[in-house]
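> Structural data only, the sequence is not supplied:
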């Protein structure tokens, strides 16, 4: 254990003396801290207040200038007179200029030469042909014309049957009041902080995994590893590197997020509670996040350390760790897509796979439904997998660190370990 402690202290000193580590922590902390102060700076400069004070004035000016502004022209050809209340169009949709034409060809010609953005040929009380030059992915004008025709159909029916139009419209447009009672998770409110936590896991593992792999390969390139391996057990070396990387990464993230939390609490009034859902994370979710962040970090860090030991040059690291990185990125993408369907079968199954459980259990705990037993089972699988990968990784580490020249294939390393065991 003394050797393990020595390795951890040595690796931590290398992190804390690393200018990139110190500068990275300071820069990210400053960016987050100052970024969360921007609304307060805007208020102090009078920018936000002046905007709020001028809202009514700007709205009034916009309303008063509607008649002078250039509006998109929409043409209507209504040979049957299905649209009886022509004022409804201008009153309800003033953002468009509505104009009747005498024939279909005129309508088509003006739409074709882009004098008008669209046109409607009314073929009956409940039907019309919609005319545009180019079809758009999202075109609200067709729905607007449908609403106009629907209103006029009701208008004609009520007029013919002597029904009070105003009272009937009041009944039809009576707003429905609903109160939402959430018995489980509020997915909308949880989305913000869940996405942030997923990105924290992604950032920590991929950045520090690369650093651990690079550290191993660099030691090989300068032959320092020969002294380390002969003076310490491989298990202590690889576990010491990973534990030190975990401490350094957790400390860095804690400092950055701590600065962000302090800055937001100081400027909460200026933000008007906009980011409350991001910072107000339930305790249960935080516990699940920390548990699977640690297990996932160790699992992938042991893989990165083992693969880093298989190459002798730092330029070969990306080729060696590429497959693991691809699996990790795929897991991240699955987790992001899983935010839209936290109860889906894919999310449920992958929450028990060590390569993806660090993401998926968090998604289910924050936005879906997961039992305590499922969390425990997944945690046991993840921790056991991390220990197993660590033990195998130590053997690969011992084999790979004393090998120079061409990179060793992972399959070749595993075969050698198996033969040695026999």
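Cool, got the structure. Keep in mind the model is a prediction, meaning the values are calculated, not measured.
> Would you mind measuring from the residue of the chain most remote from its centre to residue 168?
Relative to the C-alpha centroid of the chain, counting by C-alpha atoms, centre = their mean, residue 162 is the outermost residue, at 55.9 Å. According to C-beta to C-beta, to the nearest Å, residue 162 stands 11 Å off from residue 168. No exception for glycine: its C-beta is placed from N, CA and C like everyone else's.
> How about residue 381?
In this view, residue 381 and residue 168 are 63 Å apart by C-beta to C-beta.
> now swap in residue 260 and tell me
Counting by C-beta to C-beta - residue 260 and residue 168 are separated by 55 Å.
> May I ask you to name the longest helix in the chain?
Assignment by DSSP state H gives helix 187-221 as the longest helix of the chain.
> so how far is that helix off the chain centroid?
Relative to its chain's centre, helix 187-221 lies at 15 Å (C-alpha atoms, centre = their mean, to the nearest Å).
> helices or strands up against it?
Helices and strands touching helix 187-221, by 3 or more C-beta pairs under 8 Å, 6 or more residues apart in numbering; DSSP states H and E, are helix 224-231, helix 234-266, helix 276-279, helix 283-308, helix 317-338, helix 357-367, helix 372-401.
> rerun at 6 Å
Other helices and strands packing on helix 187-221, by 3 or more C-beta pairs under 6 Å, 6 or more residues apart in numbering; DSSP states H and E, are helix 234-266, helix 276-279, helix 283-308, helix 317-338, helix 357-367.
> how many neighbours does residue 31 have?
Residue 31 has 13 neighbours, counted by other C-beta atoms under 10 Å.
> Could you say which helix or strand holds it?
helix 19-35 (DSSP states H and E).
> how far does that helix sit from the chain's center?
With C-alpha atoms, centre = their mean as the basis, helix 19-35 stands 22 Å off its chain's centre.
> now swap in stretch 104-117 and tell me
The answer for stretch 104-117 is 44 Å, by C-alpha atoms, centre = their mean.
> what do you get for stretch 358-366?
A distance of 14 Å separates the centroid of the chain from that of stretch 358-366, by C-alpha atoms, centre = their mean.
> just for the stretch 301-422 of the chain, where's the confidence low?
Flagging of the stretch 301-422 of the chain using pLDDT under 70 yields the residue ranges 312, 400-408, 410-414, 416-422.
> how about a cut-off of 90?
The stretch 301-422 of the chain contains residues with pLDDT under 90 at 301-325, 338-344, 366-370, 372, 389-422.
> Provide the strand pairings for the helix or strand that contains residue 119, with the direction of each partner.
In this assignment (DSSP H and E), residue 119 forms part of strand 118-124. Partners of strand 118-124 in the sheet, by DSSP bridges, are strand 72-77 (parallel), strand 127-131 (antiparallel).
> Now do the buried residues in it.
For strand 118-124, the buried set under the neighbour-count rule, 16 or more other C-beta atoms under 10 Å, comprises 118, 119, 120, 121, 122.
> swap in stretch 124-141?
By 16+ other C-beta under 10 Å, the buried positions in stretch 124-141 come out as 125, 128, 131, 141.
> First-to-last residue distance for that stretch?
Distance across stretch 124-141, first residue to last, is 19 Å (C-alpha to C-alpha, to the nearest Å).
> Work out the gap between that stretch and the centre of the chain.
That offset, for stretch 124-141, works out to 35 Å (C-alpha atoms, centre = their mean).
> 76 is where my numbering starts, stick with that
Noted, 76 is the first residue going forward, which turns the last one into stretch 199-216.
> So which residues make contact with that stretch?
Identification of contacts with stretch 199-216 by C-beta atoms under 6 Å, 6 or more residues apart in numbering yields 157, 186, 187, 193, 194, 195, 196, 197, 217, 228.
> so which pair among the residues you listed is furthest apart in space?
Of all pairs drawn from the contacts of stretch 199-216, the greatest distance, 29.1 Å, lies between 187 and 228 (C-beta to C-beta).
> With neighbour numbers in mind, choose between those two.
Under the neighbour definition other C-beta under 10 Å, residue 187 and residue 228 were set side by side, and residue 228 has more, 16 against 13.
> The more buried one: what's it in contact with?
Residue 228 is in contact with 200, 201, counting by C-beta under 6 Å, 6+ apart.
> immediately after the helix holding residue 106, which helix or strand?
helix 113-119.
> If we go by neighbour counts, what in that next one is buried?
Neighbour-count burial for helix 113-119 flags 114, 115 (criterion: 16+ other C-beta under 10 Å).
> averaged over its residues, what pLDDT does that helix have?
For helix 113-119, mean pLDDT is 75.
> Then stretch 83-91?
The average of the pLDDT scores along stretch 83-91 is 82.
> Pull out the buried positions in it.
Buried, per 16+ other C-beta under 10 Å, within stretch 83-91: 83, 86, 87, 90.
> Identify all contacting residues around that stretch.
Stretch 83-91 has contacts (C-beta under 6 Å, 6+ apart) with 96, 315, 316, 318, 319, 323.
> out of the residues you listed, what pair is the most spread apart?
The span of the contacts of stretch 83-91, defined through C-beta to C-beta, is set by 96 and 315 at 17.4 Å.
> So for these two, which residue has more residues nearby?
residue 315 (22 against 17).
> quick one, what contacts the more buried one?
By C-beta under 6 Å, 6+ apart, the residues touching residue 315 are 79, 82, 83, 86.
> these two touch, right, residue 464 and residue 376?
No. Look at residue 464 against residue 376 with C-beta atoms under 6 Å: they stay out of range, at 9.2 Å.
> picking that back up, what is the nearest of the buried residues of stretch 199-216 to residue 474?
Using C-beta to C-beta, residue 216 comes nearest to residue 474 of the buried residues of stretch 199-216, at 68.9 Å.
> Quick check: the residue nearest to residue 370 when sequence neighbours are not counted vs residue 337, distance?
Spatial nearest neighbour of residue 370, chain neighbours left out: residue 457 (4.1 Å); criterion: C-beta to C-beta, 6 or more residues apart in numbering. Residue 457 sits 32 Å away from residue 337, going by C-beta to C-beta.
> Equivalent analysis for residue 429, please.
From residue 429 to residue 337 the distance is 35 Å (C-beta to C-beta).
> How many neighbouring residues does residue 253 have?
When neighbours are counted by other C-beta under 10 Å, residue 253 registers 6.
> Would you point out which residue is most central in the chain?
Nearest to the mean C-alpha position of the chain, counting by C-alpha atoms, centre = their mean, stands residue 270 at 4.8 Å.
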